[in-house]
Every structure is written in C-alpha cells, then in structure tokens.
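Asks: sequence-free structure coming up:
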C-alpha cells in the first residue's frame, strides 16, 4: 500500500482530484507531521504492550487512507485522510523493524532486513505496476478520474482483507507486553547517543530525498509529458530491480564492512542522482533514476540493521519511531518545497540541492560511525565485542 501511495499520490491529487501542486505538497507534509506526532506515543505503547498490535493498527489506518483519498476531493477531508495515513505509517515504523530485530538475533539480523527489504520492494513494485491498471479499467467504460478512484478503492479494500493475517504473527514474549513495567520513563535513554548520531546523518538524507523522490510521477509529467500510467510501471520496475539487489547487501557488508558498504552504495547513487535532470529523454532519465534507486536502497537494510543492532533491545520500538519521525518530517516538509519548484518549472533544482545534502550527509555518516563495529562483525573477525548500547554512557562508538 505504501508503495502504491508514494508512487502515484503526487500525480493523483493534482491531476485527478484537482489539488494544486502546493496543496499536494502540503498533503504529503501532513502525512509526515501525523507520523511524527503519532510515533512517540505509539512507540511507548509498542514497547510496553506489544508490537504486533501496532502492525494491526498500521494496516487498518493505511488501508482506510487509500479509500479516503479516493472518495473525497475536499481539501479539509484530504488533509484529514493524510493524517490517518501518517498514523498508519507510524504504527508500522515503531513495530516492524523492532519485531524483526527481536526475532532475527545478531547473527541473522542483516540478512533478515535484506529479506524484508526484498519483500518491501516487491510490494512497492506491485504498487507501481498497479497504476497502469487504470488503462484496463478505462476499457470497462470508466473515464480517467473514475478509473483512478476505482483503483484506489480496490487497493484499499485488498489491504483491509489481509489484516487478519497480522494476528498470526508470533511475538517474542519479552516484548509482547509481559514486561510492561520493566522500563522506567518514556525516552530511550540507553540508546540516546547513537540515535542522535544517526539522526544527524538521516535528517540531511531525508531533506534531500523529499525534494524529488515522492514527486517523481509528477516530475516525469512536467519534464517529459508522460502520465502516471507510463511512469508508474517504470518506478515499479526500479523497485523490482532493487528488490533483487538487496540480497547483495549482506555480501557487500561482509566484504567491505557495514559502514563502508553504506558509504559506497550511497556515494555512487548520488552521482547518478545528479545526472537525472540533465537527461535528454524520458527513457534515459528513467534508466538513470532506476540505477540511482538501486544503489541508494542497496544500503537501506544495512542502515536498518545498524540502528537496530546498536540500540537497546527493550527500546527498539521507540527508537524505530524516533528514527522514522526524524526521517519523515523533514522529508515531507522538503516535498512541499520540491513540489513548488516543480510547479514553477525549476525541474533541475530539487536534484542539485539534494546532491549537496547527500554529499554532506554521507561525509558526516562516515566520521560519526567509521569506528563502529556491530557485535556480529567483531565475532566474525575474532575481535572483542563492540561496546554494547548499555555501555554508551561511558563509551564512544
């Protein structure tokens, strides 16, 4: 569902529901603000009362938001629906990574995050390809707007239909609410230092990505005149390629080390990102962008594994929520700026500003984490274990 939303929403709201580019950007911003506001309380609830319940809530909210976007073009209601979508994202953010890290353990954590990234990208690809279904729906007698609305309703209802499957997830007893009084306070104090360091890098990446990533369907339309029926499948194909590629992540981390692998893949991705706006045709731009997506997201399971490996296990839910918040809020706020620039015809500017931010972020990440080794990396080379997060008050990564 999230793959479908972020592939098509930047096209659907202005071209089907009639919102301006500005209000389309604001809607994406509201989704982020809602996520930020919901992540803190939902993270507390996930750590204390069970993470599976948050997944359940997230799926319901995300599904209903798709149905809501389909049924209304009223600006106030669209913004309300965006807030519901943000709550759904927050519920997924505070529970998904934490559940996976709990069940995988140190030795299999990076592989597990690669697998879940693979499944996530496949789902995103399906969401991208699903956009072209509007062509099929139009052959049934629906006009363009009706076909889009029908597709949003179908995807939302499909999302609701799989909700019972979430109840079959077996949660690790320690983090399923049985020790709800174990933690004192609501802040992830043991994990604070590593979260601050990671967020320094993450916020810069988030601002840069927000300038163009959620707006690509809209950008392709303004740059080359192609509709979402064409750009959606292209973005879906980039997701498939990335889904296959994320299986290379553990091997890349094993060969170069986790930190070096992240820096290498993101650095190469930035080069291709800078080339997109000077591409002379849609085909070339789409190809370059696909390579950019492949390289950038090769590091995604690695960075998720890094943060979940460094924070304290009993604070993973809240840490996931904080990490997601510090990504989504600046990401969505910059999406508003990117949408305005695209509407003004400044099509290259989002990419060039993002390039500066990415380079700054990658350099910062290297200096903040270059000496960090996760416990499983230390064991593999026969060295002493890296300092645990419980020792973070006296040790420096």
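Replies: Right, received. Where do you want to start? Here the structure is a predicted model, which means the values were calculated and not measured.

Asks: hey, let's count contacts and neighbours off CA atoms from now on
Replies: OK.

Asks: Could you check how far residue 153 is from residue 328?
Replies: Residue 153 is 25 Å from residue 328, where distance means CA to CA, to the nearest Å.

Asks: and what of residue 87?
Replies: 12 Å.

Asks: Show me the shaky parts of the stretch 151-300 of the chain.
Replies: The stretch 151-300 of the chain contains residues with pLDDT under 70 at 170-191.

Asks: For it, which segments are assigned as helices?
Replies: Assigned by DSSP state H, counting those that start in this stretch, the helices in the stretch 151-300 of the chain fall at 163-166, 192-210, 216-224, 228-245, 249-256, 258-275, 282-298, 300-310.

Asks: do the stretch 1-150 of the chain as well
Replies: In order along the chain, the stretch 1-150 of the chain carries the following helices (DSSP H, counting those that start in this stretch): 2-15, 21-49, 52-71, 75-130, 133-138, 144-161.

Asks: Could you dump these into CSV and include mean neighbour count?
Replies: Below are the helices of the stretch 1-150 of the chain laid out as CSV (neighbours: other CA atoms under 10 Å):
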stretch, mean neighbour count
helix 2-15, 22
helix 21-49, 24
helix 52-71, 23
helix 75-130, 23
helix 133-138, 16
helix 144-161, 19
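
Asks: can you put those in a markdown table and add distance to residue 196?
Replies: Listed next are these as a markdown table, based on distance: least, CA to CA, whole Å:
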| stretch | distance to residue 196 |
| --- | --- |
| helix 2-15 | 27 |
| helix 21-49 | 16 |
| helix 52-71 | 25 |
| helix 75-130 | 17 |
| helix 133-138 | 43 |
| helix 144-161 | 35 |
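
Asks: Comparing these by mean pLDDT, which bottoms out?
Replies: Taking the average pLDDT of each of the helices of the stretch 1-150 of the chain, the minimum falls on helix 75-130, with a mean of 74.

Asks: could you say which helix or strand contains residue 355?
Replies: Using DSSP states H and E, residue 355 maps to helix 349-369.

Asks: Report the angle between that helix and helix 258-275.
Replies: An angle of 170 degrees separates the directions of helix 349-369 and helix 258-275 when computed by axes from the mean of the first three to the mean of the last three CA atoms, to 10 degrees.

Asks: which residues are contacting helix 349-369?
Replies: 197-198, 200-202, 204-205, 207-209, 211-212, 259-260, 263, 266-267, 270, 273-274, 276-277, 338, 341, 397 (CA atoms under 8 Å, 6 or more residues apart in numbering).

Asks: Can you flag the buried ones in the residues you listed?
Replies: The neighbour-count test (16 or more other CA atoms under 10 Å) applied to the contacts of helix 349-369 identifies 198, 201-202, 204-205, 207-209, 211-212, 259, 263, 266-267, 270, 273-274, 276-277, 338, 341, 397 as buried.

Asks: How about residue 275: what's its closest non-neighbour residue?
Replies: Beyond its immediate neighbours in the sequence, the residue positioned closest to residue 275 (CA to CA, 6 or more residues apart in numbering) is residue 288, lying 7.2 Å away.

Asks: for the one you found, what are its contacts?
Replies: 272, 273, 275, 276.

Asks: residue contacts, the second one?
Replies: The reference is to residue 273. Shown here is residue 273, whose contacts under the criterion CA under 8 Å, 6+ apart are 288, 289, 292, 351, 355.

Asks: Just send those residues back as TSV, with distance to residue 93 too.
Replies: What follows is these, written out as TSV (distance: CA to CA, whole Å):
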residue	distance to residue 93
288	30
289	26
292	24
351	27
355	26
